[in-house]
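Visitor: Sequence and computational prediction follow.
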Amino acid sequence: MLLSEFDYFLPEELIAQHPCEPRDHSRLLMLDKNTGAISHHYFFDLLQYLNAGDTLVFNDTRVIPARLIGAKSETGGKVEVFLLNRKSESDWEALVKPGKKARPGAIIVFSDRLSCEILESTDFGGRIVRFRYEGIFEEILDELGETPLPPYITEQLADKERYQTVYARERGSAAAPTAGLHFTMDLMKRIEEKGIHLAFVTLHVGLGTFRPVNTDNITDHVMHREYYSVLPETAELINRTKQEGGRIIAVGTTAIRTLETATINGILEAKSGWTEIFIYPGYTFKIVDAAVTNFHLPKSTLLMLISALAGQQNVFAAYKEAVEQGYKFFSFGDAMLII
């Protein structure tokens, strides 16, 4: 399967530069994965397409201020450290720019309370760094770090919480699970009142979700590892939903990847660990029935994943119509319901 098969034309003006206000007033394209039928709505209409007994599954990860700007101790040269995955209390996997200044042994200073040493290089061009700090690391990071936004967003965000979901609680992501940005607490309350269950898993979004595919044949692409967790009460609720004939509707590709990783023989297991799952057309879904998702970048693993869920031909027909109808794309853009 060729990478070129997942390309499409997107006018630059359709890349959303700021989030919709209120959150649930973004547009919603509904795609029937079985028939390919498309209809147009607003996100607050979502409730009418959910049934009592269904379970919506959210990723409750919280974005950390993962970008640190420091200076190399020997030369004073500017260095950026972008945190990806925490390996231990003091050690992190990170991207360091410029890479030539990030050789093992180099010391990068961010303040008189925080510095790090480059320990080693990783297979994906990153670095393992060890922090030295005085005080509580999370508090220092909140003080010195910057919340990273995707490079295609060129405008500053006035309220940093708009790049967090309203239910975000488990710190650790380098990027937001953006399908969840459309939900408000009021909408979630009304969903529950209709008899629809809400469940939460965790996947800390790192390099794996957004790393470009650089191989002509997509099956040669290797995903980067990301940490996930499924609690026992979540597994019990989702398994019960399936047994009782309800649908599992994942909110975002990260929730899909978590659920599919942790499902064995049709049963979701309570577990945590690292996932490298790469879902593309031809994949047989184990537990996910439907999804809420955003519109994704051309040639991305995220676009491949939803093409596996809804059918590649259906997805590209929906994307073509979304472009023609002026939908907004990517992190702060509009939403799709694949059902």
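Guide: In hand now; what should we look at? Numbers count the residues shown, from 1 in each chain.
Visitor: got the contact list for the residue nearest to Asn59 when sequence neighbours are not counted?
Guide: Nearest non-adjacent residue to Asn59, counting by Cβ to Cβ, 6 or more residues apart in numbering: Pro177, 4.2 Å away. (Glycine included, C-beta is placed from N, CA and C.) By Cβ atoms under 8 Å, 6 or more residues apart in numbering, the residues touching Pro177 are Phe58, Asn59, Thr61, Thr165, Leu203, Val205, Val251, Gly252, Thr254, Ala255.
Visitor: in what helix or strand does the fourth one lie?
Guide: Think Thr165. Counting by DSSP states H and E, there is no helix or strand that carries Thr165.
Visitor: likewise Ala94?
Guide: Per DSSP H and E: strand 91-97 holds Ala94.
Visitor: what about that strand, distance to the chain center?
Guide: Centroid displacement of strand 91-97 relative to its chain, using Cα atoms, centre = their mean, to the nearest Å, is 19 Å.
Visitor: The contacts of Pro177 in helices, which ones?
Guide: Thr254, Ala255 (DSSP state H).
Visitor: Now render the contacts of Pro177 as TSV, adding pLDDT and distance to Ile128.
Guide: Shown next, in TSV, are the contacts of Pro177 (pLDDT from 0 to 100; distance: Cβ to Cβ, whole Å):
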residue	pLDDT	distance to Ile128
Phe58	99	31
Asn59	98	25
Thr61	98	22
Thr165	98	29
Leu203	97	21
Val205	93	19
Val251	98	32
Gly252	98	28
Thr254	97	23
Ala255	98	28
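Visitor: Now flag whichever of the contacts of Pro177 is closest to Asn239.
Guide: Ala255 (15.8 Å; Cβ to Cβ).
Visitor: how many neighbours does the closest one have?
Guide: Using other Cβ atoms under 10 Å, Ala255 has 31 other residues around it.
Visitor: where's the residue nearest to Asn59 relative to Tyr167, distance?
Guide: According to Cβ to Cβ, to the nearest Å, Pro177 stands 10 Å off from Tyr167.
Visitor: follow-up on the earlier one: highest neighbour count among the contacts of Pro177?
Guide: Thr61 (33 neighbours).
Visitor: quick one, what contacts that one?
Guide: Ala168, Glu170, Arg171, Gly172, Ser173, Pro177, Thr202, Leu203, His204, Val205, Thr254.
Visitor: again, 7 Å this time
Guide: Ala168, Glu170, Gly172, Ser173, Pro177, Thr202, Leu203, His204, Val205 (Cβ atoms under 7 Å, 6 or more residues apart in numbering).
Visitor: what's stretch 16-28 in contact with?
Guide: Contacts for stretch 16-28 (Cβ under 7 Å, 6+ apart): 40-46, 153-155, 162, 181-184, 187, 327-330, 332-335, 337.
Visitor: For that stretch, the averaged confidence score.
Guide: Average pLDDT, stretch 16-28: 97.
Visitor: Could you tell me how many residues sit around Ile306?
Guide: For Ile306, the count of nearby residues is 28 (other Cβ under 10 Å).
Visitor: Now do the strand or helix carrying it: distance to the chain's middle.
Guide: Using DSSP H and E, Ile306 sits within helix 301-310. In terms of Cα atoms, centre = their mean, the centre of helix 301-310 is set 14 Å apart from its chain centre.
Visitor: Stretch 130-149 too?
Guide: With Cα atoms, centre = their mean, you get 22 Å for stretch 130-149.
Visitor: Please apply the same query to stretch 263-278.
Guide: 17 Å.
Visitor: List the buried residues for it?
Guide: Thr263, Leu268, Thr275, Ile277, Phe278 (16 or more other Cβ atoms under 10 Å).
Visitor: Sounds good, over and out.
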